[in-house]
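Asker: Please find the sequence and the predicted model below.
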Amino acid sequence: MKFNQFVDKIELLRTLQLGGLEAQFKLAPELRLRYNTDKIEASNPRKAAVLALFYPNKKNETTFLLTERATYKGTHSAQISFPGGKINKTDKNLEETALREAFEEVGIVPKSIKIVRELTDVFIPPSNFLATPFIGCIDKRPNFKTNYEVEKTIEVLVEDLLNDASLTTVNLSTSYMKNIDVPCFKLNDYIVWGATAMMLSEIKELLR
């Protein structure tokens, strides 16, 4: 998809009905429970936000940004994710959180980003976060400047996301699950699973 085609669809993307949990859970592990609102509120999750940023590559093809997290002693060490993090007391709202985190993690100036829309919240049980994704776009490829939280940036073609050949299943073991088959996207030879895959599943349905 050429970037001008993506830009032409922005107004439509703002009005389309979201796939919500039904779209998200197409890429959720079987052991992942569907928490209702009451149970999520009872968990008192920390609020967070992430940014799904779309922009043109050098060939004017629509791409979006993923990051490989740095390795650390924590639940989401070295996983593939969108730029994002927890809300700060100084943030006016979660949209500001997403923009601030994108600036801190990959160096994108907030005022250069146009927010397209907010997506469905994703509850992340292992770290007890309730993450709100935002779709944003920028009219030229950013010069990424990563901080200590990011090992590398990953540039993915929208066409690859929309291609069902990118869907697969892998067996994973983490600090909180052992030998579990999980649905995932394989994008640029990276395995994208969990909350990020759930968000991408909703984005994929929206773009289609």
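Answerer: Good, I have the coordinates.
Asker: which helices and strands sit right next to the helix or strand that contains Ala98?
Answerer: According to DSSP states H and E, Ala98 maps onto helix 94-106. Under the contact definition 3 or more C-beta pairs under 8 Å, 6 or more residues apart in numbering; DSSP states H and E, helix 94-106 sits against strand 46-56, strand 62-69, strand 84-86, strand 114-118, strand 129-137, strand 150-157. For the C-beta atoms, the positions are set from N, CA and C on the backbone; glycine is no exception.
Asker: I'd like those strands laid out as CSV, including mean neighbour count and distance to Phe103.
Answerer: As requested, those are exported to CSV (neighbours: other C-beta atoms under 10 Å; distance: least, C-beta to C-beta, whole Å):
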stretch, mean neighbour count, distance to Phe103
strand 46-56, 22, 10
strand 62-69, 22, 13
strand 84-86, 20, 11
strand 114-118, 16, 14
strand 129-137, 23, 12
strand 150-157, 17, 12
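Asker: Tell me which of those strands sits nearest to Met199.
Answerer: strand 129-137 (4.7 Å; C-beta to C-beta).
Asker: which helices and strands sit right next to that closest one?
Answerer: Packing partners of strand 129-137 (3+ C-beta pairs under 8 Å, 6+ apart): strand 46-56, strand 84-86, helix 94-106, strand 114-118, strand 122-124, helix 194-207.
Asker: Which helix or strand contains Gln24?
Answerer: helix 20-24.
Asker: tell me how far that helix is from the chain's mean position?
Answerer: Per C-alpha atoms, centre = their mean, to the nearest Å, the displacement of helix 20-24 from the mean C-alpha position of its chain is 14 Å.
Asker: give me the low-pLDDT residue ranges for the protein?
Answerer: 31-33, 72-77, 174-177 (pLDDT under 70).
Asker: I figured Leu167 hits Phe185, correct?
Answerer: Yes: in this structure, Leu167 is within contact of Phe185 by C-beta atoms under 8 Å, at 6.4 Å.
Asker: Give me the more crowded residue out of these two.
Answerer: The residue with more neighbours, out of Leu167 and Phe185, is Phe185; 24 against 16, by other C-beta atoms under 10 Å.
Asker: Make sure that one is actually in contact with Val192.
Answerer: Yes: applying C-beta under 8 Å, one finds Phe185 in contact with Val192, separated by 4.4 Å.
Asker: residues shared between the contacts of the two?
Answerer: Residues touching both Phe185 and Val192 (C-beta atoms under 8 Å, 6 or more residues apart in numbering) are Leu200.
Asker: picking up where we left off before, for Glu30, find the nearest of the helices and strands packed on helix 94-106.
Answerer: That would be strand 129-137 among the helices and strands packed on helix 94-106, by C-beta to C-beta, at 20.9 Å.
Asker: So what's the gap between that closest one and the chain middle?
Answerer: 7 Å.
Asker: Over to stretch 14-33?
Answerer: 13 Å.
Asker: Also stretch 83-90?
Answerer: Relative to the chain's own centre, stretch 83-90 is displaced by 15 Å; criterion: C-alpha atoms, centre = their mean.
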